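*Asks:* sequence plus the predicted model coming up.
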Amino acid sequence: MISKATEVRKQSSEELVKRLMEIKESLFRMNFKKSMGDTGVVRQLRTEKKELARLKTILRARQLGIEE
């Protein structure tokens, strides 16, 4: 099984930045829903935060020249 990080590494930096912005907006909306009492978004919040961290790590590695 190919890990999700491997699939993400195949994408270009521009695509990753676009996805990063989408996730940030999604997290903002989910946090708002959670504050209004909707507990159904908690699991989605966790997965989105993990994906956000994964994208930031890959982008930073590319910036430092560790990864192409």
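*Replies:* Okay, I see it.
*Asks:* report pLDDT for the residue most central in space within the chain.
*Replies:* Central residue of the chain (C-alpha atoms, centre = their mean): Leu52, 2.4 Å from the mean position. The model reports Leu52 with a pLDDT of 94.
*Asks:* and it, how far from Gly37?
*Replies:* Distance from Leu52 to Gly37, counting by C-beta to C-beta, to the nearest Å: 24 Å. Placement of C-beta: from N, CA and C, glycine included.
*Asks:* any weak-confidence spans in this structure?
*Replies:* The model of the chain has pLDDT under 70 over residues 1-3, 68.
*Asks:* mind running it again at 90?
*Replies:* The model of the chain has pLDDT under 90 over residues 1-10, 38-40, 65-68.
*Asks:* quick one: contacts of the host helix or strand of Thr47?
*Replies:* Assignment of secondary structure by DSSP states H and E places Thr47 within helix 42-64. With C-beta atoms under 8 Å, 6 or more residues apart in numbering as the test, helix 42-64 has contacts from 4-5, 8-9, 13, 16-17, 19-20, 23-24, 26-27, 30-31, 34, 67-68.
*Asks:* ok, of those residues, which come out buried?
*Replies:* Buried subset of the contacts of helix 42-64 (neighbour count, 16 or more other C-beta atoms under 10 Å): Val8, Leu16, Leu20, Ile23, Ser26, Leu27, Met30.
*Asks:* roughly how far apart are the nearest residue to the last one once chain neighbours are set aside and Phe28?
*Replies:* Meaning Met30. Distances taken as C-beta to C-beta, 6 or more residues apart in numbering put Val41 closest to Met30, at 4.6 Å, once the chain neighbours are dropped. Going from Val41 to Phe28 by C-beta to C-beta gives 12 Å.
*Asks:* the more surrounded of the two?
*Replies:* The residue with more neighbours, out of Val41 and Phe28, is Val41; 18 against 10, by other C-beta atoms under 10 Å.
*Asks:* hmm, that one is touching Lys34, no?
*Replies:* Yes: with contact defined as C-beta atoms under 8 Å, Val41 counts as touching Lys34 (5.5 Å).
*Asks:* from Gly40, how far off is Lys33?
*Replies:* 8 Å.
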